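Chemist: Below is the sequence, then the predicted model.
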Amino acid sequence: MKYLLTIVLLTLNLNLFADQIKNKPQVIVMTDGEVDDHSSMIRFLLYTCDLDVKAIIETNSKWQREGHSKEDWWENMLDAYEKVHPNLLVHNKDYPSADVLRSISFIGDEDPDHLDTPRSSYRPGMQQYRDPSGWADTPGSDKIVAVLLEDSDEPVYIQAWGGANTLSRALHKLKQEHPGKYEQAVKRVTTHNIDYQDGAGTYIEQFHPEVTKIVNWGFVGTWNYKSQTDTYDLVAREVKAGHGVLGALYPQDYISEGDSPAFLYCLPNGLRSYEHPTYGGWGGRYEPLDSDSLVFLASHDRGSMRQSHALWIRDANADFMARLDWCVAPEYNRANHAPVIKANNDFNLTVNSGENFELSVEGTKDPDGDIVDFYWWIYQEAGSYKGSFDVQYQEGYTFKARAPKVEKQETIHIIVEASDFPAIGPGLKAYQRFVLTVNP
């Protein structure tokens, strides 16, 4: 009975998330300014055209106890972004100006007294937490409150690249000073924690349980220090040299971006990963904690917590390299761009057991006129149905199959990848995920 209840709740949550997504994902980034945050931020800036960035907040963490806002690393990065911005607009008109990003940059909690020792470790389900009720507000925490009080039902993805103390203070203030709006506001929040780097995560679990909480440990061994050690030549050639002043600021000699999965999770690249933590995508895949259906931990797909991150690293890095090309390409035809998939079906389909169905992406085009190849596959870990079924055709634009016979409602996630073969720049992919619900 408990297992059945979990499935029902998870299905309701999936539907709630999917119904809420209407526009570009709204994101707030909290960064403690560690060196790998600098690397992640360079990548993040190149994806600001795809996101509705509400705030960038400098904070601390147990590893960066006083933060780094007194330094000018973020200001220097924005200055470099400003210099390449005219070229970026050639490739995507939605890039915000540096002045817009400056206007939404804030200082959050950098008080080391709000932290435990570096050796302290917080894990989901722990009773220990840090109480923010006696702390002072900060410009960062006040901005979070203001965003959550906006008249909107859109999800807000609040990313803790370091600690989440600034968020915990904001949620406390929201609950105390705006009780009539608190419930609606807090349900909008998904936090993506690159580990729990202070006592805010367990505080939020206990005092703001309706927040959706992702705890990412899958970044270890995939995106963090000493993971992508095969990228030294790539960074030297495709990031630091010949790709403008922004790429030249990349502080490390290989790709080392332990915090990037937090925003890669939110990218609207067709994988729809931000619709629910169990879907999976560039920022990893997550499963609910047994004791709390709104706390999600990195999944152990195929026996490894790393697999759901590692699956996408090559694609994500190729896309990053292409956007670095945009920084120095003043004409559209001097860089590569991903194909644009045209889906001829609803993204969510319902069929009955044994029923034939067909998916089509005919009309997909490449903006550069490149040849496009298609690859269809079943993301089995993301769906509830784990068996096989009769796939009759999966070539080119078309996927045809007969739904399996099931005894209870099941879901199947079908992904098509469209890959280009460019004359210039790295090969890129676009994706479309179809979620098939099979009724008995």
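Modeler: Done, it's in. Numbering: from 1, shown residues only.

Chemist: can I see the domain layout of this structure?
Modeler: The record's domain parsing of the chain by automatic domain parsing lists 2-326, 336-439.

Chemist: Do a quick rundown of the helices in this structure.
Modeler: 2-20, 35-45, 73-91, 98-103, 139-148, 165-177, 179-186, 200-207, 232-235, 244-248, 260-264, 307-310, 313-326 (DSSP state H).

Chemist: Could you dump those helices into a markdown table with mean pLDDT, distance to Gln26 and mean neighbour count added?
Modeler: (Each C-beta comes from the backbone N, C-alpha and C, glycine too.) Below are the helices of the chain laid out as a markdown table (pLDDT from 0 to 100; distance: least, CB to CB, whole Å; neighbours: other CB atoms under 10 Å):
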| stretch | mean pLDDT | distance to Gln26 | mean neighbour count |
| --- | --- | --- | --- |
| helix 2-20 | 39 | 11 | 13 |
| helix 35-45 | 98 | 15 | 23 |
| helix 73-91 | 98 | 20 | 18 |
| helix 98-103 | 98 | 15 | 14 |
| helix 139-148 | 98 | 8 | 21 |
| helix 165-177 | 98 | 14 | 24 |
| helix 179-186 | 97 | 13 | 14 |
| helix 200-207 | 97 | 18 | 22 |
| helix 232-235 | 98 | 31 | 15 |
| helix 244-248 | 98 | 24 | 20 |
| helix 260-264 | 98 | 12 | 29 |
| helix 307-310 | 98 | 23 | 24 |
| helix 313-326 | 98 | 21 | 22 |
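
Chemist: Leaving out the residues flanking it, which one is nearest to the spatially most central residue of the chain?
Modeler: The chain has Tyr265 as the residue nearest its centroid, 1.7 Å off, counting by CA atoms, centre = their mean. Computed as CB to CB, 6 or more residues apart in numbering, the closest residue to Tyr265 that is not its neighbour in sequence is Gly283, at 2.7 Å.

Chemist: now do Phe347
Modeler: Distances taken as CB to CB, 6+ apart put Phe434 closest to Phe347, at 5.9 Å, once the chain neighbours are dropped.

Chemist: So what's the residue count around the one you found?
Modeler: Residues lying near Phe434 (other CB atoms under 10 Å) number 21.

Chemist: so what's it scoring on pLDDT?
Modeler: Phe434 carries a pLDDT value of 98.

Chemist: Just list whatever residues bridge to it.
Modeler: With beta bridges defined as DSSP bridges, Phe434 has these partners: Ile414.

Chemist: now do Glu358
Modeler: Counting by DSSP bridges, Glu358 is bridged to Lys400.

Chemist: Isn't it up against Tyr397?
Modeler: No - contact between Glu358 and Tyr397 fails when scored by CB atoms under 8 Å: they sit 10.4 Å apart.

Chemist: what about those two, which has more around it?
Modeler: Tyr397 (18 against 12).

Chemist: wouldn't the residue nearest to Phe347 be in contact with Val351 here?
Modeler: No - between Phe434 and Val351 there is no contact under CB under 8 Å: 11.2 Å.

Chemist: I'd say Ala418 and Trp376 touch.
Modeler: No - under the criterion of CB under 8 Å, Ala418 is not in contact with Trp376, lying 10.4 Å apart.

Chemist: The two: which is more packed in?
Modeler: Using other CB under 10 Å, the more surrounded residue of Ala418 and Trp376 is Ala418, with 24 against 21.

Chemist: now Ser168: how far from Asn439?
Modeler: Counting by CB to CB, to the nearest Å, the gap from Ser168 to Asn439 is 42 Å.

Chemist: same thing with Ala338?
Modeler: Ala338 is 35 Å from Asn439, by CB to CB.
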